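1. just a sequence and a predicted model for now, questions to come.
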Amino acid sequence: MTHPYRSVLYIPGSKERALEKAKTLPVDAIIFDLEDAVAVDEKENARHTLAAALTAGGYGDRAQIVRINALDTDWGHADVAVIAPTGPQAVLLPKVNSAADINALSALLDAHPACADTTIWAMMESPLGILNALEIAQAPRMGGFILGTNDLAKDLNTRFRADREPLLTSLQMCLLAARAAGIVCVDGVYNAFKDAEGLAAECAQGRDMGMDGKTLIHPAQVDVCNTAFSPSEAEIDLARRQIDAFEAAEAEGLGIAVVDGKIVENLHVETARKTLAMANAIATAAE
Ligand SMILES: CC(C)(COP(=O)(O)OP(=O)(O)OC[C@H]1O[C@@H](n2cnc3c(N)ncnc32)[C@H](O)[C@@H]1OP(=O)(O)O)[C@@H](O)C(=O)NCCC(=O)NCCSC(=O)C[C@H](O)C(=O)O
Ligand SMILES: [Mg+2]
């Protein structure tokens, strides 16, 4: 079953109102954050508030990902100790530099029977992490990458550019590694959460590159993002026509069809089937 990851919303684990509001938002996934969105004085309270919210449930089909603090901080191990018994679907590790970081978290989760099926996701946000993207993607339990473009821009000392030119190599290296390993790859956040036009442009860029979706920081960003990462009506129509034309060609003993003046081969049909599967998954989730 294809699960969409078009819209992946961060929610500070300390904010009960936001934790409640997320149950009503049309997002594909939620990142319950214990890291940067939570002030130092609130860390302890946040992990217990979040554990209670996860146990109570109510998030429906939305994929649930918990971002803990890094294991070399004062809070990472305590986060695992409190969150693991709730049997989280996925744990997101920030500032991942190598597969060793994933292995260390995996070993901690192994000690909790409730985490038998828990996947690990990695924040890709350091130069060393980007250079080690493939070994990270292939580490045990890995389910996906989340791009941390703010930390990355900081560490690379880039200037902000609307076209994100300074970050493109890093984004593409993560995509290459994610696709090679068969895991999900979700783009970074767009900080100006009231700028829908800028968000739409950045979503389109991420979708064109091959990202599965985008991380978000505010509910106002959800609709723009869902639209950008959903197959359009034109894409769905083309996919159907490509499949029909190819099947008709095959019935005549041919291995190639032509639709709208362009060749359709087996590989295009594979993409067309993926497009329809994603459209179906989105429609089912919306029911
Ligand atoms: C950015 C915000 C601080 C803005 O908050 P606020 O001023 O309260 O917004 P609104 O008044 O417009 O909120 C309207 C209602 O929406 C709810 N809300 C707001 N944000 C969220 C959210 N993220 N999830 C769910 N619900 C949310 C409010 O509670 C209001 O609800 P109601 O009162 O019932 O109408 C705030 O949006 C925020 O804190 N956002 C999350 C910030 C965050 O998570 N940052 C960390 C992740 S990004 C990151 O770490 C980057 C990465 O690591 C990297 O390196 O790039
Ligand atoms: Mg970060």
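-> Done, it's in. Ligands and ions are numbered 1, 2, ... in the order given.

2. now for the helix or strand that contains residue 100, which elements pack on it?
-> Residue 100 is part of helix 99-110, with elements assigned from DSSP states H and E. Helix 99-110 is packed against helix 76-83, strand 90-93, strand 119-124, helix 133-137, with contacts defined by 3 or more CB pairs under 8 Å, 6 or more residues apart in numbering; DSSP states H and E. To be clear about C-beta, it is placed using only N, CA and C from the backbone, and glycine gets the same treatment.

3. make JSON lines from those and add distance to ligand 2 and mean neighbour count to it.
-> Listed next are the helices and strands packed on helix 99-110 as JSON lines, based on distance: least, CB to the ion, whole Å; neighbours: other CB atoms under 10 Å:
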{"stretch": "helix 76-83", "distance to ligand 2": "14", "mean neighbour count": "20"}
{"stretch": "strand 90-93", "distance to ligand 2": "10", "mean neighbour count": "24"}
{"stretch": "strand 119-124", "distance to ligand 2": "6", "mean neighbour count": "26"}
{"stretch": "helix 133-137", "distance to ligand 2": "15", "mean neighbour count": "21"}
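
4. returning to that earlier point: so how far is the helix holding residue 100 from its chain's centroid?
-> In terms of CA atoms, centre = their mean, to the nearest Å, the centre of helix 99-110 is found 20 Å from the chain centre.

5. what angle separates that helix from strand 119-124?
-> Using axes from the mean of the first three to the mean of the last three CA atoms, to 10 degrees, the inter-axis angle of helix 99-110 relative to strand 119-124 is 150 degrees.

6. can you list contacts of helix 99-110?
-> Helix 99-110 has contacts (CB atoms under 8 Å, 6 or more residues apart in numbering) with 70-71, 77, 80, 84, 91, 93, 95-96, 115, 118, 120, 122, 132, 135-136, 138-142.

7. mind listing what's buried in that helix?
-> 99, 101-102, 105-106, 108-109 (16 or more other CB atoms under 10 Å).

8. using PDB, write out every CA atom in that helix.
-> Output in PDB follows, covering the C-alpha atoms of helix 99-110 (Å, rounded to 0.1, in the frame of the first residue of the first chain):
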ATOM      1  CA  ALA A  99      24.900   5.000   9.800                       C
ATOM      2  CA  ALA A 100      26.500   4.600  13.300                       C
ATOM      3  CA  ASP A 101      24.000   7.200  14.600                       C
ATOM      4  CA  ILE A 102      21.100   5.100  13.200                       C
ATOM      5  CA  ASN A 103      22.600   1.900  14.600                       C
ATOM      6  CA  ALA A 104      22.800   3.400  18.100                       C
ATOM      7  CA  LEU A 105      19.100   4.400  18.100                       C
ATOM      8  CA  SER A 106      18.100   1.000  16.600                       C
ATOM      9  CA  ALA A 107      19.900  -0.800  19.500                       C
ATOM     10  CA  LEU A 108      18.000   1.400  22.000                       C
ATOM     11  CA  LEU A 109      14.700   0.600  20.300                       C
ATOM     12  CA  ASP A 110      15.600  -3.200  20.200                       C
END
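
9. okay, the angle between that helix and helix 76-83?
-> Using the same axes, to 10 degrees: helix 99-110 against helix 76-83 is 30 degrees.

10. quick check: mean pLDDT of stretch 250-262?
-> Here stretch 250-262 scores 97 as its mean pLDDT.

11. dump the buried residues of helix 99-110 to JSON lines, plus distance to ligand 2.
-> Below are those laid out as JSON lines (distance: CB to the ion, whole Å):
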{"residue": "99", "distance to ligand 2": "19"}
{"residue": "101", "distance to ligand 2": "14"}
{"residue": "102", "distance to ligand 2": "17"}
{"residue": "105", "distance to ligand 2": "17"}
{"residue": "106", "distance to ligand 2": "21"}
{"residue": "108", "distance to ligand 2": "21"}
{"residue": "109", "distance to ligand 2": "21"}
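
12. ok, of the residues you listed, which one's closest to residue 53?
-> Nearest to residue 53, judged by CB to CB, of these is residue 109 at 19.7 Å.
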